[in-house]
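Q: got a structure for you, letters missing:
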């Protein structure tokens, strides 16, 4: 198996997005003036396994609009076809795209892809909720044209050390909160992308590892549990958007 980190531009997010307050201030702070982070890479992930190429997420496009809490920096040369080509991959070879969730920087690149699209049914239900529809209209963040992913259910029980994980009945697959870190494809469950992510993929050079908010799942405890499960593998904490 080969796992490729594909960078489709960067995003600067408000510090209140990375380190949210508790309670009602959590959402309010996103729309109030405040400092922004350094650029964070917008990744999607190409997975080559047994002659098949799949993507986890589809990245962002140059047409992306800024929102009060995120400033996009994406050129056409950084969109998913170019990112795949830079990794020696062809976007025509992509058979499936598995979406972690339906935010623009994870799904907008679908405009380039004709492959089957999959998403957890809980995430799709959230994306179609009245509140999500209202926010997309306010922020001018429409879903890609023809957005109609197939759904799957994570009903195989929890997986390993990951609090937000579940095993999918659709295949022998697990779902930690970020791209694959075992010899299986992975499918995030509702809300799990907010947990402290773990992966065994090295970050692109030049990207630092930001500190974790104190009230998000303790990285040290998760690292210890994961290391105990896989003592023969390197475990590293890596957070990107």
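A: Structure's in. What do you need? Bear in mind the structure is a predicted one, so any value in this text is a computation, not a measurement.
Q: From here on, just use CA atoms for contacts and neighbour counts.
A: Noted.
Q: Flag every buried residue along stretch 130-142.
A: Within stretch 130-142, the residues that count as buried by 16 or more other C-alpha atoms under 10 Å are 141-142.
Q: And the contacts of that stretch?
A: 65, 67, 104, 126-127 (C-alpha atoms under 8 Å, 6 or more residues apart in numbering).
Q: ok, and the closest non-adjacent residue to residue 85?
A: Closest residue to residue 85 apart from its sequence neighbours, by C-alpha to C-alpha, 6 or more residues apart in numbering: residue 91 at 7.7 Å.
Q: number of nearby residues for residue 32?
A: When neighbours are counted by other C-alpha atoms under 10 Å, residue 32 registers 12.
Q: same question, residue 146
A: Every residue meeting other C-alpha under 10 Å relative to residue 146 is counted, giving 8.
Q: one step back: looking at the contacts of stretch 130-142, which two lie furthest apart in space?
A: Using C-alpha to C-alpha, the pair of those lying farthest apart is 65 and 126, separated by 21.5 Å.
Q: Find the residue ranges of this protein scoring beneath the pLDDT cut-off.
A: Applying pLDDT under 70 to the chain flags the ranges 155-227, 229-230, 233-241.
Q: for it, longest strand please?
A: strand 2-13 (DSSP state E).
Q: what comes up buried for that one?
A: 3-13.
Q: possible to save these as CSV with distance to residue 38?
A: Shown next, in CSV, are these (distance: C-alpha to C-alpha, whole Å):
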residue, distance to residue 38
3, 26
4, 23
5, 19
6, 19
7, 16
8, 16
9, 13
10, 9
11, 8
12, 6
13, 8
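Q: Residue 17 sits in which helix or strand?
A: helix 15-18 (DSSP states H and E).
Q: top of the contacts of stretch 130-142 by neighbour count?
A: residue 104 (20 neighbours).
Q: Please name the residues that touch that one.
A: 59-60, 64, 141-143.
Q: can you list the residues you listed in a markdown table and add distance to residue 46 and secondary structure?
A: Shown next, in a markdown table, are the contacts of residue 104 (distance: C-alpha to C-alpha, whole Å; DSSP: H, G, I helix; E, B strand; the rest coil):
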| residue | distance to residue 46 | secondary structure |
| --- | --- | --- |
| 59 | 11 | coil |
| 60 | 15 | coil |
| 64 | 22 | coil |
| 141 | 25 | coil |
| 142 | 25 | coil |
| 143 | 22 | coil |
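Q: Around the closest residue to residue 108 other than its chain neighbours, how many other residues sit close by?
A: The spatial neighbour of residue 108 that comes closest, neighbours along the chain excluded (C-alpha to C-alpha, 6+ apart), is residue 60 at 5.2 Å. For residue 60, the count of nearby residues is 32 (other C-alpha under 10 Å).
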